[in-house]
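1. sequence isn't available, so here's the structure alone:
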């Protein structure tokens, strides 16, 4: 197993951008890749500091790529055009540096909380790049998240990213799905004590209607915390493996 | 010489925040500290990747602290309340972790470009924390910087931080100086080919009138680039030493 | 919580030496310190990559210091005088850099496998520096370890460190204990499927006779692997807390 | 430019092994590679902390790979079988991870002091892997280095690596050259105040006779220190470029 920390200056974000990655030692010229996104307040080291990511990479023989998100909600804003950066610059850059496959069938994307939102949005808009996506306690309704008193994000910070009702609407997962009609495998997981549990149930019902057998929902115990995500990341990876 | 990379979760910025620092080996219980700020597009590793910071620390027997700025212009904005974070959380945190003095007479602050702006602003508003400040090719007039066609920062990004004429005015160095009347030693340096050379000459004339012998200006060759900053960082540090 | 990676040039080892450390955010001027040693083939990142060390530090409000061992068996050899370095240079260096207590009553040391041997040896010889020590699957008989067919260390490598029968004898934990008669609290843990289980049972019997109530043994399930150490590190830390 | 820090567990060295590397951003599927070795007391960050390696990589559009040496003298010993590791495991591993060419004509190797010795030895024995080699103040006679009172390495440490007169003889560069008759381009550089200057002059005379026009010697000012290596690394890279 190789643990990689890399930093490069991005033209989109006008700064150095950090990635943590693990790559197996089994001699393949190209590995399947899991893109694993962190939530609000995290950085590229968040997943590796909480879960045994190397063990997962070893078990499945996958590379796992963990970018930093800078609290940008995986979205384009005036301060950080993150989404455009991610699709147009970041994915090709990592694919040129590391021995990973570029086939959609070999690329999966997952994330927790804000990272779950990001994974679902990125996958819904890019089924040519990813064949499976998983959200762990994803923020599935950003407007409700903004107004939820339990949300850790201040409204004024949220509003610097989603700065108009139209922008919120354009970035709602349900609307993106209805626009794009993506064909791919989707998994969501949510703990029964999560403060966004109700939002997740509604989203589950929506995807169940539209994706039918391509959609899986795992009801789990727990709240909106790393305990839930660390406790279920193995199940997510096993679902990717199927 | 000890090279330190540290990361901690800040309550102000709602994320992990990185610092690179060097601390000498000479057995002092408290070292003098230089806070060295990077410019737009940099991160906490910018200075150590361009200049021989360890050699400087060894020569002067100082700790050198290099925080990341996240393109936040060392200012409070809705997306990143950087200035408040820096004064209220960051400085005390680093002083609690590392063996450095908390006396203003033992603390100097410097930076290049956007970091020069940051160093001057922070010092002007906090002469109880810093006794000397140096700007290398500092952005001394943020409004002119915003409108300068050679500026690397897009106007819409600038406007997410300084989002009103009043906020620009409040954050102009000249206005801060006139409000605060800080008593401390100030050095500015600017290359003759810098695209903000004229702004720096005007700022030099302003500080010369108000600070008199407490102000030093070094006219140097060069443009707005690392070549100029690496070429003059020794002079800046020698001026701190005096 | 602050995560720290530091590297400094040591005069003993003639190289840069790396440490990973975590320090809580609770505002103490000095934290209790746990020195946590890794086993053969590890490095300073081994513990933090396998177990949730930050969670432990948060729960107990302790700093946790993880040095690299360079496969030197925490012992003095012609190639690496590690033990002398650790006692004479490393501990004082870290105590001068980070906000940790120097009282023996505030310092605990633990390690797994080769790190368990190291922790026990260092503590037995320095009860003025450490008040409690824990070995997780420690190598308690280095001669049997050398000759055990399941040992991952080649004999010729072992022999570069312990290069004579006298040196092996001098470094056997039982002999060190009999020489030093250390008064401190000792815990050992060993899995029932560990290939050094029998050695650990004999060592348990030895310490039970000599240390009586100051000694604790935890019989656990498992083999000689990270599964066992990650599964029991919380118990070790809780024992330190008592 | 991408800055990469990677660590992987090597089967040869039974530990995690660190590499620092820089890779350009110019979109090539394979870059030429310079393998840049550090000297005694250094580690994989030594070159990047002293010289502006990223600037060099940018200028020449090369990847630059900087492995750690662990004071092993780039040689096989009982404690660390470094040479075998480097050739059999390390080079293929890095070539499988990063986008670099495997053609000898695209691979150059250089180093300073002990790293100069290592670069010359590795190149002399592997002209199928490297087409050019440069030694900056190389240790060209290891026996004289062992006995030189100015040598920073203790004799007993040296003797753990080169543990017999035969082993010293087998590892002398002149003897390796005479055995292998390598055909490749060689550059050596030595400062006039270097404590191994005389050894370097003799080696220069030897290579001049055997390699004729394939050999270049640069006489430079300076002693055996980073000042000399940083001051001449651009010249070395320009010579590789020719």
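-> Here it is on my side, so go on. Just so it is clear, the model here is predicted, and its values are computed rather than measured. Numbers count the residues shown, from 1 in each chain, chains lettered A, B, ... in the order given.
2. for residue A:33, what are phi and psi?
-> phi -130, psi 130 (degrees, to the nearest 10).
3. tally up the residues packed near residue A:206, please.
-> 16 (other C-beta atoms under 10 Å in any protein chain shown). Where you see a C-beta, it was placed from the backbone N, CA and C, and this is true even at glycine.
4. does the worst-scoring helix or strand of chain A on mean pLDDT reach chain C?
-> Lowest on mean pLDDT, DSSP states H and E among the helices and strands of chain A sits helix A:46-50, with a mean of 93. Yes - Helix A:46-50 reaches chain C (C-beta under 8 Å from any C-beta of the partner chain) through A:48, A:49, A:50.
5. all the helices of chain A, residue numbers only.
-> With DSSP state H as the criterion, chain A has helices at A:46-50, A:53-60, A:82-84, A:91-97, A:114-125, A:142-147, A:155-161, A:165-170, A:173-180, A:197-211, A:226-241.
6. quick check: residue A:210 vs residue A:179, distance?
-> According to C-beta to C-beta, to the nearest Å, residue A:210 and residue A:179 sit 12 Å apart.
7. settle it for me: which of those two has more neighbours?
-> Between residue A:210 and residue A:179, residue A:210 has the larger neighbour count (other C-beta under 10 Å), namely 15 against 11.
8. any idea how far chain D is from the residue lying closest to that one once chain neighbours are set aside?
-> Spatial nearest neighbour of residue A:210, excluding adjacent residues (C-beta to C-beta, 6 or more residues apart in numbering or on different chains): residue A:177 at 6.7 Å. Separation of residue A:177 from chain D (C-beta to the nearest C-beta, to the nearest Å): 34 Å.
9. residue A:177: neighbour count?
-> 20.
10. again with residue A:147
-> Counted with other C-beta under 10 Å, residue A:147 comes out at 11.
11. ok, residue A:217 next?
-> 17.
12. next up, the contacts around the residue of chain A most remote from its centre.
-> Centroid-distance maximum for chain A: residue A:27 at 27.4 Å, with C-alpha atoms, centre = their mean. Shown in contact with residue A:27 (C-beta atoms under 8 Å, 6 or more residues apart in numbering or on different chains): residue D:96.
13. let's see 6 Å
-> Residues counted as contacts of residue A:27 (C-beta atoms under 6 Å, 6 or more residues apart in numbering or on different chains): none.
14. pLDDT at it, what is it?
-> Note for residue A:27: predicted pLDDT of 92.
15. interface residues of chain A facing chain D?
-> For chain A, the residues in contact with chain D (C-beta under 6 Å from any C-beta of the partner chain) are A:2, A:3, A:4, A:5, A:6, A:7, A:8.
16. what's the spacing between the last one and residue B:149?
-> If I follow you right, that is residue A:8. Residue A:8 sits 27 Å away from residue B:149, taking C-beta to C-beta as the criterion.
17. neighbour count winner among those two?
-> For residue A:8 and residue B:149, the more surrounded residue by other C-beta under 10 Å is residue A:8, and the numbers stand at 20 against 5.
18. between the helices of chain A, which gets nearest to residue D:226?
-> helix A:91-97 (29.6 Å; C-beta to C-beta).
19. related to what we said a few turns ago, mutual contacts of residue A:210 and residue A:179, please.
-> By C-beta under 6 Å, 6+ apart, no residue touches both residue A:210 and residue A:179.
20. in chain A, where is pLDDT below threshold?
-> Across chain A, nothing is flagged by pLDDT under 70.
21. report how many residues lie close to the residue nearest to residue A:57 when sequence neighbours are not counted.
-> The shortest distance from residue A:57 to any non-neighbouring residue, by C-beta to C-beta, 6+ apart, is to residue A:22 (4.5 Å). Counted with other C-beta under 10 Å, residues neighbouring residue A:22 total 25.
22. look up which residues are beta-bridged to the closest residue to residue A:6 other than its chain neighbours.
-> Counting by C-beta to C-beta, 6+ apart, residue A:6 lies nearest to residue D:4, which is 4.6 Å off, once chain neighbours are set aside. Beta-bridge partners of residue D:4, counted by DSSP bridges, are residue A:6, residue D:21.
23. was I right to think residue D:4 contacts residue D:22?
-> No - checked against C-beta atoms under 6 Å, the pair residue D:4 and residue D:22 is beyond contact range at 7.1 Å.
24. show me the contacts for residue A:229.
-> Counting by C-beta under 6 Å, 6+ apart, the residues that residue A:229 touches are A:112, A:136.
25. again, only this time at 7 Å
-> A:112, A:136, A:137 (C-beta atoms under 7 Å, 6 or more residues apart in numbering or on different chains).
26. thought the residue nearest to residue A:6 was touching residue A:8?
-> No - applying C-beta atoms under 7 Å as the test, residue D:4 and residue A:8 come out as separate, 8.9 Å apart.
27. run through the residues of chain A sitting next to chain B.
-> By the rule C-beta under 7 Å from any C-beta of the partner chain, the part of chain A lying against chain B is A:9, A:14-16, A:40-41, A:43, A:71, A:78-79, A:152, A:156-157, A:160.
28. burial of the residue nearest to residue A:74 when sequence neighbours are not counted, as a residue count?
-> Leaving out its chain neighbours, the residue that sits closest to residue A:74 by C-beta to C-beta, 6+ apart is residue A:118, at 3.0 Å. Other residues within reach of residue A:118, judged by other C-beta under 10 Å, total 30.
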